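Peer 1: sharing a model that was predicted from the sequence below.
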Amino acid sequence: MSKARTTITDIARELNISPATVSRALNNHPAISRQTREAVIALARKLNYHPNLLALSLLRKRTNTIGVIVPEITSYFFSSVIGGVQDLLTAQGMNMIIGQSNESLEEEKALVEKFTSIRVDGFLISPSRETKDYGHLQVLKDSLFPLVIFDRDCEDLEVDKVFVDEYRGALQAVEYLIHTGCRRIAHIAGSATLSTARHRLAAYRDALKKYQLPVLDDYIIESSGFTPEAGIEPTKHLLALPEPPDAIFTVNDGVAIGAMYVIKEAGISIPNEISVIGFDDEPYSCYFKPSLSTVWQPTYELGMLSARILMKRVNAAQEAFTPKVEKLFPELIIRGSSR
């Protein structure tokens with residue numbers, strides 16, 4: 001049989017004082033004498049006493065815990081974002097609980113419900129690929145839960161949001177390809193349900209129009225995901241065209257790696273015959289041969305800024321405010337896969 005956990009009542013009984021006096025002593029209340037406080041603390045250590053955090057949170061109406069929901073946690077992008085969130089929260093004495101939606105709306109809804117039931121103080125959420133209906137997020141807002149949406153947008157939801165300027169980064173990438181002489185530029189896009197993918201596609205189209213290059217439907221293919229495997233079939237299709245592209249801009253680095261594999265297997269030189277530029281600057285991107293040109297995103301800063309804004313709302317005691325939208329700037333990184 002396991003030993004029962006020591007309580008404030010146990011300490012009070014040993015010292016022949018009231019539980020209220022023990023509680024005040026442990027919380028350094030000025031009305032408690034130094035002698036009593038030292039005796040309480042010494043006995044608490046001896047009996048291995050730990051405060052009941054759940055009871056304290058109910059008393060204070062705060063759990064000091066933030067709920068973080070992301071599509072997945074294995075990629076460098078989201079793990080780096082979470083690192084920024086954790087460092088900011090730790091510095092403020094806060095904890096976080098992380099949930100992975102697996103790009104599923106239903107799992108995202110379930111996580112929101114679960115985190116609400118354990119009374120988290122606020123939410124940081126990057127919506128899933130399936131999240132087109134924001135009803136569950138609107139409920140959080142209407143219930144006055146502090147909420148920050150990051151990375152992926154929910155256009156009709158008026159809450160605090162933090163993004164990287166995807167459009168700006170993609171525009172830089174495509175304009176660079178044009179400036180280096182590429183004229184048949186293809187784009188392997190992400191899912192049209194994602195704001196990030198839509199912004200990158202819009203920048204691709206606008207860059208071509210700006211330099212009076214044709215925007216051809218045959219050169220735009222939506223990938224099935226974000227892994228190297230998702231880049232294979234689209235690239236095979238592009239290489240089989242009567243006029244194959246002389247450059248490919250991909251939705252992310254994973255798809256770019258798959259594209260480079262197909263191009264090299266076909267005996268085509270990168271970048272002499274086809275330039276390739278990805279997006280995200282994953283840590284592995286510089287170790288391929290040739291190394292991958294890409295768009296770097298300030299992921300750690302994205303997480304830290306999102307957490308900072310959320311904590312401001314958490315500490316504002318539900319004061320009225322106007323939602324803010326913050327944007328961080330990406331940077332084009334040129335390596336060996338582009339001219």
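Peer 2: Structure received.
Peer 1: list the buried ones in stretch 27-40?
Peer 2: Ile32, Thr36, Arg37, Ala39, Val40 (16 or more other CB atoms under 10 Å). (Glycine included, C-beta is placed from N, CA and C.)
Peer 1: quick check: the fourth one vs Leu26, distance?
Peer 2: Going from Ala39 to Leu26 by CB to CB, to the nearest Å gives 12 Å.
Peer 1: so who does Val162 touch?
Peer 2: By CB atoms under 8 Å, 6 or more residues apart in numbering, the contact set of Val162 is Val148, Ile149, Phe150, Asp151, Leu302, Leu305, Ser306, Ile309, Val325, Glu326, Lys327, Leu328.
Peer 1: what pLDDT is listed against the third one?
Peer 2: With respect to pLDDT, Phe150 scores 97.
Peer 1: count the residues that sit near it.
Peer 2: By the criterion of other CB atoms under 10 Å, Phe150 has 26 neighbours.
Peer 1: ok, the last one next?
Peer 2: Taking other CB under 10 Å as the neighbour definition, Leu328 ends up with a count of 14.
Peer 1: one step back: what two of the buried residues of stretch 27-40 are the furthest from one another?
Peer 2: Pairwise distances across these peak at 10.2 Å for Ile32 and Ala39 (criterion: CB to CB).
Peer 1: now do the domain split for this protein, please.
Peer 2: 8-51, 63-164+299-327, 166-297 (automatic domain parsing).
Peer 1: just send these back as a markdown table, with distance to Arg335 too.
Peer 2: A markdown table is the format used below for the domains of the chain (distance: least, CB to CB, whole Å):
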| stretch | distance to Arg335 |
| --- | --- |
| domain 8-51 | 52 |
| domain 63-164+299-327 | 17 |
| domain 166-297 | 4 |
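Peer 1: just these: most buried one?
Peer 2: domain 166-297 (a mean of 20; mean count of other CB atoms under 10 Å).
Peer 1: quick check: end-to-end length of that domain?
Peer 2: The straight-line separation of the ends of domain 166-297 (CA to CA, to the nearest Å) is 9 Å.
Peer 1: chain center to that domain, what's the gap?
Peer 2: Centre-to-centre, domain 166-297 and its host chain are 23 Å apart (CA atoms, centre = their mean, to the nearest Å).
Peer 1: secondary structure for the contacts of Val162 - can I get that in a markdown table?
Peer 2: As requested, these are arranged in a markdown table below (DSSP: H, G, I helix; E, B strand; the rest coil):
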| residue | secondary structure |
| --- | --- |
| Val148 | strand |
| Ile149 | strand |
| Phe150 | strand |
| Asp151 | coil |
| Leu302 | helix |
| Leu305 | helix |
| Ser306 | helix |
| Ile309 | helix |
| Val325 | strand |
| Glu326 | strand |
| Lys327 | strand |
| Leu328 | strand |
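Peer 1: closest to Ser293 among those?
Peer 2: Looking across the contacts of Val162 and measuring by CB to CB, the closest to Ser293 is Leu328, at 20.4 Å.
Peer 1: quick check: closest non-adjacent residue to Glu175.
Peer 2: Computed as CB to CB, 6 or more residues apart in numbering, the closest residue to Glu175 that is not its neighbour in sequence is Ala207, at 5.2 Å.
Peer 1: quick one: least confident helix or strand in this structure?
Peer 2: helix 53-60 (a mean of 53; mean pLDDT, DSSP states H and E).
Peer 1: okay, now the unreliable bits of the stretch 201-339 of the chain?
Peer 2: 317-320 (pLDDT under 70).
Peer 1: would you map the helices across it?
Peer 2: All helices of the stretch 201-339 of the chain, identified by DSSP state H, counting those that start in this stretch, fall at 232-239, 253-265, 299-314.
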